[in-house]
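Undergrad: turn this into a structure:
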Amino acid sequence: MRRRELLAALGCVSGAVAGCAGSGGREQVTPAPVPTVTATADRSQGDDTVGPCPALPRDAERYVCSSVETSGRPIQLTAGSDVFFVDTLSEVGKRMEFVLSNSSLVPFSTGGDWWTLARRDPDGWTVVDEGQRQERASVGPSDAFVWTLGLNGSVESEPGHHDVVVDTRNGRHAFAVTGDHRDGTRLAVIALFDLRKRWTDTRKE
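TA: Sure, this is the predicted structure:
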């Protein structure tokens, strides 16, 4: 074998990753795959947050933070307002709604007590309260499911809404609803809001 042919043969063995040409002797370089960004996070990543949202509850497998992923999500949770203003004496019946919408082609299995409320503290997210997960309901395609959040002392919401009555302090909060897809994946959809409450009675300030 002539020296030029021997060098070409050795180059094809050592450069197998980049690829070798057939008769023309050119190298065929395969470009590296372009990374893609997904709107949901997998719990196996071990991260405590999904963008600005907490990865709560812990037993969910995927998380959707509706505050930053408002388009193209088959299952979405929307807060009635970015800020929940509550005067604890003059507005004890004030409520805030969270609407779960299903724009997918299959039902989403959840329940009126499949919720988690968390607050952002200096050390991270703290679970304030959560439902017992004893109810089951199917939210079909194009259907919606409504939760109404109020502080202790609030009156009940209108019929067809699911009451969540808690006692918590001011700060950044996250309301998460958990459910199951037909394929068995447990999904948590999360909406963020700020709670701002005050006492009109100055003796309690």
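Undergrad: which secondary element of this protein has the worst mean pLDDT?
TA: helix 3-14 (a mean of 37; mean pLDDT, DSSP states H and E).
Undergrad: what number of residues lie near residue 144?
TA: For residue 144, the neighbour count with other CB atoms under 10 Å is 12. Quick note: C-beta positions are derived from backbone N, CA and C, even for glycine.
Undergrad: report the beta-bridge partners for the closest residue to it other than its chain neighbours.
TA: Ranked by CB to CB, 6 or more residues apart in numbering and with sequence neighbours excluded, the top spatial neighbour of residue 144 is residue 101, at 5.0 Å. In this structure, residue 101 bridges to residue 76, residue 144 when assessed by DSSP bridges.
Undergrad: surely residue 101 is in contact with residue 73?
TA: No: the pair residue 101 / residue 73 is not scored as a contact, 9.1 Å apart, by CB atoms under 8 Å.
Undergrad: these two: which is more packed in?
TA: residue 101 (20 against 17).
Undergrad: you'd agree residue 75 is up against residue 64?
TA: Yes: look at residue 75 against residue 64 with CB under 8 Å: they come within range, at 6.6 Å.
Undergrad: need the overlap of contacts for those two.
TA: Among the neighbours of residue 75, those also in contact with residue 64 (CB atoms under 8 Å, 6 or more residues apart in numbering) are 187, 189.
Undergrad: who's more crowded, the two?
TA: Between residue 75 and residue 64, residue 64 has the larger neighbour count (other CB under 10 Å), namely 24 against 21.
Undergrad: separation between that one and residue 185?
TA: 11 Å (CB to CB, to the nearest Å).
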